[in-house]
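[1] sequence and predicted structure below; questions after.
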Amino acid sequence: MTIPFSPPYVDQDIIDEVVDTLQSGWITTGPKVKALEKEVVKLTGCPEALCVNSWTSGAILILKWFGVGPGDEVIVPAYTYSATALSVLHCGATPVMVDVNVDFTIDPDKIKAAITERTKVIMPVDIAGLMCDYGTINDIVNEVAIKKIFKPTSEKQQQLGRILVLSDAAHSVGASYKGIQSGVATDITIFSFHAVKNITTAEGGVICINLPSDFDTAEEYKLMRIWTLNGQTKDAFSKSQSGGWKYDILFAGLKVNMPDLCAAVGLAQIKKYDNNLLLERERVAKQYELFFRQKAWAQLPILEDQNRKSCYHLYPLRINQISEIQRDQMIDFISSLGVAVNVHFIPMPMLTLFKSLDYQISNYPVAFDNYSREISLPIYPQLTTEEIEYVCEAIAQAYQKIMVS
């Protein structure tokens with residue numbers, strides 16, 4: 001049996017939506033993008049949602065919109081995909097890495113200890129579908145002492161009057177924290193719609209705007225939309241209308257808009273997400289949980305606790321009392337059985353770029369421990385009961401082969 005790690009979910013509804021876009025004569029940013037944005041608002045409850053061509057470009061856009069630049073600091077977890085910190089570097093600012101908790105999410109105590117007068121943004125990262133402790137994080141940025149040391153250097157920073165909380169929610173569309181949907185737990189949330197995500201547009205992402213009442217959210221949406229189009233006052237759809245050719249460039253924006261052709265894929269998926277795709281992912285996760293909770297050597301991920309409910313983006317299984325080398329040997333054996341697994345993530349301080357910038361993994365012991373014992377299992381709606389059983393047995397055989405034989 002051969003089981004891929006994360007194939008895209010494509011059914012006839014998706015094909016029909018894409019064909020409809022092709023036949024419409026309009027394939028770049030237009031009505032399908034707007035329709036997808038409305039569905040994101042409906043799913044999350046956020047006031048406004050803006051589609052972009054990737055999570056990374058969305059993060060760069062928000063950092064630039066907030067005026068983050070050289071000399072500024074952005075707090076990020078050491079345990080995340082590199083895009084989290086790269087977005088900061090692309091703005092000329094400094095990523096300040098902190099360690100994570102055993103549940104993979106950023107440690108709020110480490111956040112508080114890392115705040116300086118140069119801190120402009122905190123970027124917590126939801127991992128595997130599980131949201132961070134946003135209640136504590138939001139309380140930190142609103143503490144009187146923390147607000148006193150905040151030094152605004154842009155109009156938006158002055159308006160907010162404190163550190164911005166920008167949620168890297170690439171993994172958490174459909175998750176919740178204390179009954180609050182991912183998308184409205186912080187000032188700004190960015191989802192990824194990359195090919196392997198719970199909802200995909202092949203490549204893409206969406207910015208959920210949930211700013212305090214001091215901001216006019218509708219106006220901020222309009223401004224950010226201009227940011228996605230080189231600072232241009234009109235998008236291509238508006239310019240194509242009769243008499244609509246005139247435009248202006250207001251500032252040096254980016255070119256990070258999502259095309260309708262991509263939005264069509266996500267539009268078809270999001271319409272069946274809550275009542276179909278998300279439930280199917282939960283089914284897979286629960287079958288894994290039923291099997292592995294019987295194994296003393298398996299450390300199961302949190303799917304739900306008193307505050308949080310996962311959206312089952314990944315199933316990050318950890319193996320107790322195992323070394324990084326033994327974990328790698330297990331992965332090799334599992335692969336030989338036809339099962340594709342992965343590791344989420346290699347902590348950023350272990351990567352060449354960040355090592356060259358003097359980040360050292362020894363400063364992030366929990367991140368390294370999580371990484372060294374983690375194996376991400378396949379989890380997607382198309383998996384059958386028999387395929388899940390095969391994956392479980394492959395993991396068990398690998399443990400027996402490497403750790404017992």
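    Noted; the coordinates are in hand.

[2] show me the strands in the protein, by range?
    48-52, 73-77, 94-98, 119-122, 164-168, 176-177, 180-181, 188-192, 205-209, 298-299, 308-309, 315-319, 374-377 (DSSP state E).

[3] quick one, what contacts the residue most central in space within the chain?
    The centroid of the chain falls nearest to residue 170 when counting by Cα atoms, centre = their mean (1.1 Å). Residue 170 sits next to 55, 81, 83, 125, 126, 190, 191, 192, 194, 197, 205 when contact means Cβ atoms under 8 Å, 6 or more residues apart in numbering. In this view, the C-beta of every residue, glycine as well, is placed from N, C-alpha and C.

[4] which residues does the last one bridge with?
    Bridge pairing for residue 205 (DSSP bridges) gives the partners residue 52, residue 192.

[5] quick check: it touching residue 54?
    Yes: the criterion here is Cβ atoms under 8 Å, and residue 205 meets it with residue 54 at 5.3 Å.

[6] who's more crowded, these two?
    The neighbour count for residue 205 versus residue 54, taken as other Cβ atoms under 10 Å, is higher for residue 205 (26 against 20).

[7] where's the more buried one relative to residue 159, distance?
    Note on residue 205: its distance to residue 159, by Cβ to Cβ, to the nearest Å, is 24 Å.

[8] for residue 391, same thing?
    Residue 391 is 50 Å from residue 159, by Cβ to Cβ.

[9] of the two, who's got more company?
    Using other Cβ under 10 Å as the criterion, residue 391 and residue 159 rank with residue 391 on top: 27 against 13.

[10] now do the contacts for the closest residue to that one other than its chain neighbours.
    Once flanking residues are discounted, residue 391 sits nearest to residue 339: 5.4 Å by Cβ to Cβ, 6 or more residues apart in numbering. The contact partners of residue 339, by Cβ under 8 Å, 6+ apart, come to 1, 3, 378, 390, 391, 394.

[11] how's the protein carved up into domains?
    Listed domain ranges for the chain are 12-270, 274-404 (source: automatic domain parsing).

[12] end to end, how far does the last one reach?
    When you say that, I think you mean domain 274-404. Using Cα to Cα, to the nearest Å, the end-to-end distance of domain 274-404 comes out at 42 Å.

[13] do the longest one as well
    Taking Cα to Cα, the first and last residues of domain 12-270 lie 14 Å apart.

[14] beta partners for residue 176?
    If you apply DSSP bridges, the partners that residue 176 bridges to are residue 181, residue 309.

[15] my understanding was that it contacts residue 308; is that so?
    Yes: look at residue 176 against residue 308 with Cβ under 8 Å: they come within range, at 6.9 Å.

[16] the more surrounded of the two?
    Neighbour count, other Cβ under 10 Å: between residue 176 and residue 308, residue 308 has more, with 23 against 19.

[17] pretty sure that one is touching residue 302, no?
    Yes: applying Cβ under 8 Å, one finds residue 308 in contact with residue 302, separated by 7.2 Å.

[18] what touches both of these two?
    Contacts common to residue 308 and residue 302, judged by Cβ under 8 Å, 6+ apart, are residue 130.

[19] low-confidence ranges in this structure?
    Counting by pLDDT under 70, the ranges of the chain that qualify are 236-237, 239-244.

[20] let me see the contact set for the closest residue to residue 324 other than its chain neighbours.
    Computed as Cβ to Cβ, 6+ apart, the closest residue to residue 324 that is not its neighbour in sequence is residue 372, at 4.0 Å. Applying Cβ under 8 Å, 6+ apart to residue 372 gives the contacts 322, 323, 324, 327.

[21] quickly note the distance from the closest residue in space to residue 152 that isn't next to it in sequence to residue 215.
    Closest residue in space to residue 152, ignoring its immediate chain neighbours: residue 158 at 4.3 Å, by Cβ to Cβ, 6+ apart. Relative to residue 215, residue 158 is positioned 12 Å away (Cβ to Cβ).

[22] no further queries at this time; thank you.
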